[in-house]
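*Asks:* build me a structure from this.
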Amino acid sequence: MLNHTVEHRLPIIALCHGPTLLASLDIEINGRSEKLVKGIEVAALPALEPMVHAQGKLEPQFSFYTWKTHEVLAEAGAVVDEETDLKDMTVVTTGVRDGLRIATGPGPQTARNLVKATISAINNSTKRM
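*Replies:* Purely as a prediction, here's the structure:
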């Protein structure tokens, strides 16, 4: 589904752990395959899981190894700032890669603030159709 989204340059909106998936996606630009997030700013969940795990509150659907979101994104070429994401869990980061609009946020608190970025991404995508 995400590969189809990238191929057709549909907007991607992701928050919390979701932006980490973007590190696994490739985009074809001028006949060359590159990581989708290469060179764009991405916000993601800060490394809070070790603290949550230590308190015995880690939800069963998450493994102890799902918490390195910024590291995984940086390895894929994304521009990340874990300190900023930790200081303001409501921040929205937007970027465009070869016409594909991406909006990300570090946590569930971002959801309300993603409305404007989501509407903008959808409106800009439909103008190309």
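
*Asks:* middle-most residue in the chain, spatially?
*Replies:* The centroid of the chain falls nearest to residue 19 when counting by C-alpha atoms, centre = their mean (2.5 Å).

*Asks:* against residue 104, how distant is it?
*Replies:* 4 Å (C-beta to C-beta, to the nearest Å). Placement of C-beta: from N, CA and C, glycine included.

*Asks:* what is in contact with those two at once?
*Replies:* 42, 43, 44 (C-beta atoms under 8 Å, 6 or more residues apart in numbering).

*Asks:* redo the residues you listed as CSV? Include distance to residue 100 and pLDDT.
*Replies:* Shown next, in CSV, are these (distance: C-beta to C-beta, whole Å; pLDDT from 0 to 100):
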residue, distance to residue 100, pLDDT
42, 13, 97
43, 17, 95
44, 18, 90
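
*Asks:* okay, those in CSV with distance to residue 6 next?
*Replies:* Formatted as CSV, the shared contacts of residue 19 and residue 104 follow (distance: C-beta to C-beta, whole Å):
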residue, distance to residue 6
42, 15
43, 19
44, 18
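
*Asks:* pLDDT-wise, which helix or strand of this protein ranks last?
*Replies:* Among the helices and strands of the chain, helix 49-54 carries the lowest confidence by mean pLDDT, DSSP states H and E, at a mean of 56.
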